[in-house]
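Undergrad: What would the 3D arrangement of this be:
(one chain, ligands or ions: 1)
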Amino acid sequence: MDEAGLPTLFEWAGGGEPLRRMIDAFYDRVEADPLLSGFFPGGVSQAHRRHVADWWAEVLGGPTTYTDERGGYATMLDHHRGLNIQPGQRHRFASTMSLAADDADLPADPEFRAAIIGYLEWGTRLAMGNSRPGADDLVEQAPVPRWGWGVAPPWLG
Ligand code: HEM
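TA: Coordinates of the predicted model:
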């Protein structure tokens, strides 16, 4: 538990397996999406899916595999440099993950989904900024973020 007395978002999601299902559903949609598929020529590899699922698990309060084995924030940053993500692509990315959470039967309570969408809105805007060609003002080192429930935690009685 990261927030006093509350399960982490990772625990609430049901652990790593449901998150991997969400990421798989997401990239299946991305591969068929005219706005997003061009980022992944040849399709989205199993390794990429696994790495991004590890990132999400860590952000939501689960195991720190991405930091321990993948190089953490700096590796994630490197992957977005120069991608030149446009606003319409950012929006499609975020809204597609919301659909993928439905595909994967993640908990659908408003509190959990609001927390996920909050992270997506934040993360995709950072990714878009980090992807500007030639950007020389990026935050180069930071911890992998840990996201929480924010202002709307679950009502546990
Ligand atoms: C919440 C927002 C986002 C998160 C959490 C995220 C997460 C990640 C992570 C962790 C990686 C590296 C995987 C590895 O270690 O192998 C990655 C790579 C990548 N991301 Fe994102 N990303 C986000 C937003 C975006 C957006 C908005 C786009 C494009 C529309 C995008 C496109 C890509 C691409 C193309 C790669 C692979 C680049 C390469 O292999 O060279 N990401 N992402």
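Undergrad: And the pLDDT at the residue most central in space within the chain?
TA: Centroid-nearest residue in the chain: residue 56, 5.0 Å away (criterion: C-alpha atoms, centre = their mean). pLDDT, residue 56: 98.
Undergrad: List the residues that contact it.
TA: 19, 22-23 (C-beta atoms under 8 Å, 6 or more residues apart in numbering). C-betas here are computed from N, CA, C, even on glycine.
Undergrad: how does it look with 10 Å?
TA: Listed by C-beta atoms under 10 Å, 6 or more residues apart in numbering, the contact partners of residue 56 are 9-10, 13, 16, 19-20, 22-23, 26, 62, 66, 97, 116, 119, 123, 147.
Undergrad: Likewise for residue 53?
TA: 16-17, 19-24, 26-27, 62, 65-66.
Undergrad: try it again with 6 Å
TA: By C-beta atoms under 6 Å, 6 or more residues apart in numbering, the contact list for residue 53 reads 19-20, 23.
Undergrad: what about the closest residue to residue 65 other than its chain neighbours, which SS state?
TA: Using C-beta to C-beta, 6 or more residues apart in numbering and skipping residues adjacent in sequence, the residue nearest residue 65 is residue 54, 4.5 Å away. Assigned by DSSP: H, G, I helix; E, B strand; the rest coil, the conformation of residue 54 is helix.
Undergrad: what do you get for residue 150?
TA: Residue 150 ends up coil, using three-state DSSP.
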